[in-house]
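here is the input, now give the coordinates:
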Amino acid sequence: MITCRPAKASDAKAIAPIMLLAMEDIIYYFIDNFDKEEANSLLTHFVSLPNNQYSYQHIIVAEEEGQILGQLCLYPGGQLEALRKPIFDYIKEKYNRVLPLENETQEGEIYIDTIAVLPEAQGKGIGKKLLQYAIETFVEQQGETLGLLVDKENPSAKKLYLNMGFAVIKQVDIFGKEMDHLQYLP
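A predicted model of the protein is given here:
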């Protein structure tokens, strides 16, 4: 049976390659190369630490028989800049890169940064289970608004979100792509 739970620091090695599936382009941009091992190492480092954008503190995992099959990373939108700071500082120190990234979220929503499922586990409804867990925890129990961006070139993901109760609130051009900003309101 597939269950969802908050991540632990010790899950970092299992979470990183799954998270990378959702954000390869941006992580390769961070490290300025296409080295998958280095990208996984960077994510493992930050997932295992507290108080950053990709911290285990902000991740929900889906697992079956002790194996992590999917992850959902989310955090308060108003904290984006503070949560990004340790990552940007590390990238500047290690890679000598200053990253001019746009803000994809804002105050007033719990932002779903990434959601991803291992390729061999796709089609089992794991993404939907992770989203439902987030809706129950943040919207139904805490009265928060969930927000996310979906690429206009990914209509199947947008359809899933709309079917679950998210609604398009605006279109944005960010990271060089046309995206829909969706929210799930309490």
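
for the chain, what's the longest helix?
Secondary structure of the chain per DSSP state H: the longest helix is helix 12-31.

buried ones in it, by neighbour count?
12, 14-23, 27-28, 30-31 (16 or more other C-beta atoms under 10 Å). For every residue, glycine as well, the C-beta is placed using N, CA and C.

just confirm G78 contacts Y111, I think it does.
No - the pair G78 / Y111 is not scored as a contact, 9.3 Å apart, by C-beta atoms under 8 Å.

the more surrounded of these two?
Of the pair G78 and Y111, Y111 is the one with more neighbours under other C-beta atoms under 10 Å, namely 27 against 14.

for the more buried one, which three-state class applies?
Following DSSP: H, G, I helix; E, B strand; the rest coil, we place Y111 in the strand state.

show the contacting residues for the most centrally placed residue in the chain.
Nearest to the geometric centre of the chain sits T114, at 1.9 Å (C-alpha atoms, centre = their mean). If you count contacts by C-beta atoms under 8 Å, 6 or more residues apart in numbering, T114 has them with 19, 22-23, 71-73.

show me the strands in the protein, by range?
Secondary structure of the chain (DSSP state E): strands located at 2-6, 59-64, 67-76, 110-117, 146-151, 167-174, 177-184.

show the average pLDDT along the last one.
This points to strand 177-184. Looking at strand 177-184 alone, the average pLDDT works out to 93.

who touches it?
109, 135, 139, 145-153, 158, 161-162, 164-173.

picking that back up, can the contacts of T114 go into TSV with extra columns for distance to E63 and pLDDT?
Shown next, in TSV, are the contacts of T114 (distance: C-beta to C-beta, whole Å; pLDDT from 0 to 100):
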residue	distance to E63	pLDDT
M19	15	98
A22	17	94
M23	21	93
Q71	10	98
L72	12	98
C73	16	98
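
which of those sit farthest apart?
M23 and L72 (12.7 Å; C-beta to C-beta).

what residue in the chain is the furthest from its centre?
Farthest-from-centroid check, the chain (C-alpha atoms, centre = their mean): N96, 24.8 Å.

alright, that wraps it up for me.
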